[in-house]
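In: below are the sequence and a predicted model; questions follow.
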Amino acid sequence: MKPIIFTQIIEKSLSVGPDIQDITSEVQELISASSVKEGMLQMNVIGSTGSLTTIEFEPGVVEDLKDAIERLAPEGMVYKHELAWHDGNGHSHVQAALLGPSLAIAVREGRLMLGTWQQIVVINHDNKPRKRKIACTLIGI
């Protein structure tokens, strides 16, 4: 079998951070469109104030994650970034760096290898709304 490399960008409009949106269905649609049955999906959010992770996407967990993010790097603290740029988003950069910009997820039988209660989410940490682009690269057979 000849390997397939399939790339696509997913775009999501997000509100002021931390805003968390489930993108699992869009990612699964990408896999279905690719015809890859067995492989690996690599995803990364483009931009230094966005991140990707997986959670159980239900209101309680989403609020718990937002609270944890705020505790890790709260808005309103003094950040060296502010001294240079004065844009009020030093916390956004730190939050995004702590969670990370990328994910790698196995694909088996044309489906994401996720647990029953595990969804892929994109997070905007910035102090203004952003249209986030998620670069997806699927490699498989």
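Out: That came through fine.

In: what packs against the helix or strand bottoming out on mean pLDDT in the chain?
Out: Here the helix or strand of the chain ranked lowest by mean pLDDT, DSSP states H and E is helix 80-85, holding a mean of 89. Applying 3 or more C-beta pairs under 8 Å, 6 or more residues apart in numbering; DSSP states H and E, we find helix 80-85 packed against helix 90-99. Glycine gets a C-beta too; all of them are placed from N, C-alpha and C.

In: before we move on, back to that, quick one: residues in contact with the least confident helix or strand of the chain.
Out: For helix 80-85, contacts defined as C-beta atoms under 8 Å, 6 or more residues apart in numbering pick out 87, 88, 89, 90, 93.

In: how many neighbours does residue 33 have?
Out: 11 (other C-beta atoms under 10 Å).

In: show me the strands in the chain, by range?
Out: In the chain, the segments counted as strands under DSSP state E are 4-14, 19-22, 39-46, 50-55, 102-108, 111-112, 119-124, 130-140.

In: format these as JSON lines; extra columns: mean pLDDT and mean neighbour count.
Out: Formatted as JSON lines, the strands of the chain follow (pLDDT from 0 to 100; neighbours: other C-beta atoms under 10 Å):
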{"stretch": "strand 4-14", "mean pLDDT": "97", "mean neighbour count": "14"}
{"stretch": "strand 19-22", "mean pLDDT": "98", "mean neighbour count": "19"}
{"stretch": "strand 39-46", "mean pLDDT": "98", "mean neighbour count": "18"}
{"stretch": "strand 50-55", "mean pLDDT": "98", "mean neighbour count": "20"}
{"stretch": "strand 102-108", "mean pLDDT": "98", "mean neighbour count": "15"}
{"stretch": "strand 111-112", "mean pLDDT": "98", "mean neighbour count": "15"}
{"stretch": "strand 119-124", "mean pLDDT": "98", "mean neighbour count": "24"}
{"stretch": "strand 130-140", "mean pLDDT": "98", "mean neighbour count": "19"}
